[in-house]
Structures are given as structure tokens and as C-alpha cells.
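Asks: build me a structure from this.
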Amino acid sequence: MKNNKKIGVFLGKKFIRLITLLVALCIVTFVLMELSPIDPVTAYVGASSKVSAAQRELIAEHWGLNQPPVERFMCWFKSIIQGDWGTSLIYRRPVLEVIGEKFKASLYLMIIAWVISGILGFIMGIISGSNEDKLIDKIIRGYCYIVISTPTFWLGILFIMVFSVKLGWFPVALGVPIGINAADVTFWDLLKHMILPAATLSLIAVSNICLHTRQKVIEVLDSDYVLFAKARGESKKSIIFNHVIKNVSLPAITLQFLSFSELFAGTIFAEQVFSYPGLGQATVSAGLKGDVPLLMGIVIISCVFVYSGNIIADLLYRVIDPRIKGGEIA
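Replies: Here you go, the predicted model:
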């Protein structure tokens with residue numbers, strides 16, 4: 001009962017911090033959009049369109065762009081509280097509808113990349129840590145150091161050049177084949193368009209979990225209870241499966257949930273390179289075309305998504321560390 005109360009207090013504090021963070025992010029995003037040289041009306045009608053000044057004023061009035069910035073922000077804020085997220089200037093559709101469609105496409109991509117990077121990084125970390133300073137350890141560490149400093153967009157372009165252009169194994173871009181009705185798109189079509197973006201995100205994200213797991217494995221192997229297990233005659237394989245994996249798995253899972261922010265940021269770059277129709281591409285389009293309602297909605301959704309990963313990680317720490325479980329959570 002006492003532990004449940006502590007968890008409730010912990011979640012209550014986290015919720016208050018989330019609301020504060022959301023308000024601050026929305027204000028900062030709105031101010032930055034106001035200071036940017038992008039004209040939403042020009043972005044709406046197109047730079048090459050011949051629109052008179054009177055027509056531009058009517059368009060600005062229709063979207064509420066002729067109002068003072070503070071008044072526009074307060075109007076948007078009141079609408080959000082009432083459940084109305086506004087209408088996207090780019091897509092001419094409700095913001096929630098656009099975000100739901102784009103986030104669904106990005107979520108599949110992020111889940112695949114998140115699972116692959118977690119499993120692959122964990123296995124590589126176990127192998128590297130249990131073979132400290134051997135050839136396999138040096139190879140894995142070298143790979144991680146190279147990949148962690150490699151820009152996502154550069155790796156994506158390299159994959160396109162090799163696997164799409166030269167070998168022709170996968171499509172160059174987009175999320176579905178061109179010229180095919182949505183009803184005729186098969187699961188294999190979706191998977192083929194998703195493989196290269198997911199591989200790009202996975203290979204970039206694998207380094208953090210691998211290096212972290214490697215260090216934890218080395219610490220466990222140097223511990224007293226592993227030394228005692230060796231003295232009892234346990235084999236290296238038995239020690240790894242019975243002691244190492246058990247002690248490093250939860251910290252690795254926790255780190256994976258903390259990587260939500262990096263995964264989301266990487267998705268934006270990957271979707272731009274592969275022209276993948278997800279939330280990342282919508283974010284860039286909203287920013288470049290001055291679509292404030294859509295951009296603000298994406299900021300809220302992305303903040304909640306990343307913050308949820310942090311909360312899960314914090315809760316997992318209660319399981320891992322008895323000092324946190326027995327004491328008060330900050």
C-alpha cells in the first residue's frame with residue numbers, strides 16, 4: 001500500500017512536469033515560428049502563384065493570421081484545451097487526423113528499429129564484454145565508434161546508392177509503390193519500403209545499447225560472486241547465461257526506453273532521405289511551410305511520446321535498484 005502511494009506521488013509529479021514542459025515547448029515553438037522569415041500565406045498559395053494583396057488578406061483572415069501573435073497563441077491554446085487541434089494549412093485537414101495517419105506510419109518504422117537495435121545491441125554487448133580486449137571485442141567496439149559518429153542521413157543515402165540504385169533490391173523511396181491503389185498495396189510492398197529506413201535507424205541506434213551492455217558485462221564478470229562461481233568450477237557459458245545476462249538485461253531495457261528521443265530524432269532524418277510519409281517528414285514540411293497548428297500538434301505528440309519512454313525507464317529503475325525501490329523517488 002505504501003509502495004503504491006509512492007508510485008502515485010511519483011506519477012503525479014511526472015504528470016505536472018509533463019504539463020509544464022508541454023506549455024514551455026509550445027511557447028518556444030510558437031515564438032520561433034513567429035521569428036522565422038517564412039510567410040504562411042506565401043507557403044499556402046505557393047511562391048509562383050499570382051495572388052493579389054486583397055486575396056492574401058482574405059486568406060490571412062480565414063486562417064487567423066492577421067491577428068496579433070499573442071492573441072493567436074491564446075486562441076490556439078484555448079482550442080487545444082477544448083479538444084480542437086485546428087486545421088493543417090498544408091493538408092487542409094484536421095491536425096489530429098493528419099498526425100494520426102503520419103504517426104501510424106512512423107510508429108511501425110520506430111518499433112521495428114527499436115526492437116532490432118535493442119536485440120542486436122544487447123547480443124553484441126554480451127559478446128564484446130565477455131571477450132574483453134580480444135579481436136571480436138575490438139571489432140565490435142570499432143564498429144560502434146564509427147556508427148555512433150555517422151550521420152543518419154549519410155547512412156541512408158549510402159544504403160540507397162548500394163541497395164536501391166546499384167543492386168536494385170529495395171525501392172529508392174516512398175512508403176508504397178507508385179501508381180498502385182491503396183487497396184491493392186500488399187504487406188510485402190509496405191515491408192519492402194520499410195526495410196532500408198528501419199535498417200538505417202537500427203544500425204545507428206545499436207551502438208549505445210552495445211557499449212553500455214559491454215561495460216555492464218565487464219563489471220559483472222569482475223564481481224565477487226562471479227569469481228566465486230568460477231572457483232566452484234562453473235564454465236564461462238554457464239556464468240554468462242546464469243549471472244551476466246540476468247544482471248545486465250534490465251539496465252539494457254531501461255536504456256532502450258530512454259532512447260525514445262534519439263529514435264524520434266533519427267526518424268525525422270531517415271524519413272526525409274527516403275521520402276517516407278511519416279511524422280518526421282510532416283514535421284519538416286510543417287516547419288518549412290509555416291503550418292503552425294500542425295507543427296504545434298506534432299510537438300505535443302512527440303513530447304508525450306518521448307516523456308512516456310522516460311517514465312517507463314524511471315519505473316524500471318525501481319525494479320533494478322533496491323535503493324530507489326526502498327526509498328523515495330525524486
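Asks: so how many other residues sit close to Pro151?
Replies: Neighbour count of Pro151, defined by other CB atoms under 10 Å: 11. The C-beta positions use only the backbone N, C-alpha and C, and glycine is treated the same way.
Asks: just checking, it touches Phe269?
Replies: Yes. The pair Pro151 / Phe269 is scored as a contact, 7.5 Å apart, by CB atoms under 8 Å.
Asks: now name the helix or strand holding Ile140.
Replies: helix 135-148 (DSSP states H and E).
Asks: do the same with Met74
Replies: Per DSSP H and E, Met74 falls inside helix 69-81.
Asks: after that helix, which helix or strand is next? Please name it.
Replies: helix 95-130.
Asks: in that next one, what's buried?
Replies: If you call a residue buried by 16 or more other CB atoms under 10 Å, then helix 95-130 has these buried ones: 95, 98-99, 102-103, 105-106, 108-110, 112-114, 116-118, 120-122, 124-130.
Asks: could you check the angle helix 69-81 makes with that helix?
Replies: 80 degrees (axes from the mean of the first three to the mean of the last three CA atoms, to 10 degrees).
Asks: point out the other helices and strands that helix 95-130 packs with.
Replies: For helix 95-130, the packing partners by 3 or more CB pairs under 8 Å, 6 or more residues apart in numbering; DSSP states H and E come out as helix 135-148, helix 187-221, helix 245-258, helix 260-274, helix 279-288, helix 292-320.
Asks: for the ones you listed, give me TSV that also has mean neighbour count, distance to Lys230 and mean pLDDT.
Replies: Converted to TSV, the helices and strands packed on helix 95-130 look like this (neighbours: other CB atoms under 10 Å; distance: least, CB to CB, whole Å; pLDDT from 0 to 100):
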stretch	mean neighbour count	distance to Lys230	mean pLDDT
helix 135-148	14	19	88
helix 187-221	21	9	83
helix 245-258	18	15	80
helix 260-274	22	37	79
helix 279-288	22	48	82
helix 292-320	19	25	81
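Asks: out of those, the one nearest Ile81 is which?
Replies: helix 292-320 (11.9 Å; CB to CB).
Asks: run the chain-centre distance for the closest one.
Replies: For helix 292-320, the gap between its own C-alpha mean and the chain's C-alpha mean amounts to 10 Å (CA atoms, centre = their mean, to the nearest Å).
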